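Trainee: make a model of this:
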Amino acid sequence: MKRLAVRDRVNGIDMPRTHRCRVAGNSEAIQEEGRSPKRISVDASPSVEEQDTGSSDLVRDLLAVSQLVVKTRSHVAREAGVTAFQYGAVLAISELRSVPVGALAASLAVSSQFISSEIAKLEMAGIVKRRPKEHDMRGSMIELTRRGRELVRKNRPMREAVDGAIFQGATQEETACYRKVMSIVRNNCQRALNG
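Mentor: Reported below is the predicted structural model:
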């Protein structure tokens with residue numbers, strides 16, 4: 001298989017995309033069973049549908065990379081004694097200080113029911129605590145306990161080393177480009193879910 005690299009423009013940014021196809025040059029003949037030799041030339045340009053954005057390839061790559069990032073970071077979570085998702089929730093709570101369940105669910109792109117069950121597990125482990133919202137007894141605020149803050153502090157060097165390894169070799173310009181594209185993707189996904 002020969003890989004033919006094609007570049008797409010997504011919101012003004014060149015993004016690589018790879019097509020796989022079996023290539024036989026015009027000078028090479030392919031013998032089919034019981035037939036005369038055929039000469040085959042391959043048009044490596046994307047189809048009409050692919051010319052627009054190449055979005056299917058990009059989404060597939062994004063999903064694959066997301067899974068790899070979760071796997072790469074999962075040993076940090078294991079060291080902390082929690083799941084990868086719970087560790088992400090703990091980090092989000094740490095950054096937001098004190099956050100309503102709904103806002104935490106939105107920031108992690110999960111349902112309020114799912115985050116509530118994960119928060120209950122973290123609460124049982126003594127990592128987070130709930131307190132009633134001021135002026136609104138229907139909801140609660142989530143914050144880290146002393147043990148939760150210590151967990152984040154203790155695991156910070158390992159997490160930063162892993163995060164640095166994930167982006168190793170990327171320039172500041174590439175990192176800025178990544179942030180811009182991820183912001184666009186996040187906004188588009190939220191719009192699709194809400195619309």
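Trainee: hey, let's count contacts and neighbours off CA atoms from now on
Mentor: OK.
Trainee: and stretch 128-147, end to end?
Mentor: 8 Å (CA to CA, to the nearest Å).
Trainee: what are the contacting residues of it?
Mentor: Contacts of stretch 128-147 from elsewhere in the structure, counted by CA atoms under 8 Å, 6 or more residues apart in numbering, are 90, 93-94, 97-101, 119, 122-123, 126-127, 148.
Trainee: now stretch 160-171
Mentor: 69, 72-73.
Trainee: show me the domain layout of the protein.
Mentor: 2-51, 57-194 (automatic domain parsing).
Trainee: helix or strand for residue 169, which one?
Mentor: Here residue 169 is covered by no helix or strand, with elements defined by DSSP states H and E.
Trainee: where along the protein do the strands fall?
Mentor: Using DSSP state E, the strands found in the chain span residues 2-10, 13-21, 29-30, 38-39, 98-100, 128-133, 136-144.
Trainee: and those, which one is worst for confidence?
Mentor: Per-stretch mean pLDDT for the strands of the chain is lowest at strand 29-30 (a mean of 37).
Trainee: ChimeraX command to pick out the buried ones of the contacts of stretch 128-147?
Mentor: Selection of the buried residues among these in ChimeraX, burial being defined by 16 or more other CA atoms under 10 Å:
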select :90,93,94,98,99,100,101,119,122,123,127,148
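Trainee: now for the contacts of stretch 128-147: which two are most distant?
Mentor: Spanning the widest gap among these are 100 and 126, at 18.1 Å by CA to CA.
Trainee: of the contacts of stretch 128-147, closest to residue 175?
Mentor: residue 94 (23.5 Å).
Trainee: counting neighbours, what do you get for the closest residue to the closest one other than its chain neighbours?
Mentor: Using CA to CA, 6 or more residues apart in numbering and skipping residues adjacent in sequence, the residue nearest residue 94 is residue 144, 6.7 Å away. Counted with other CA atoms under 10 Å, residues neighbouring residue 144 total 23.
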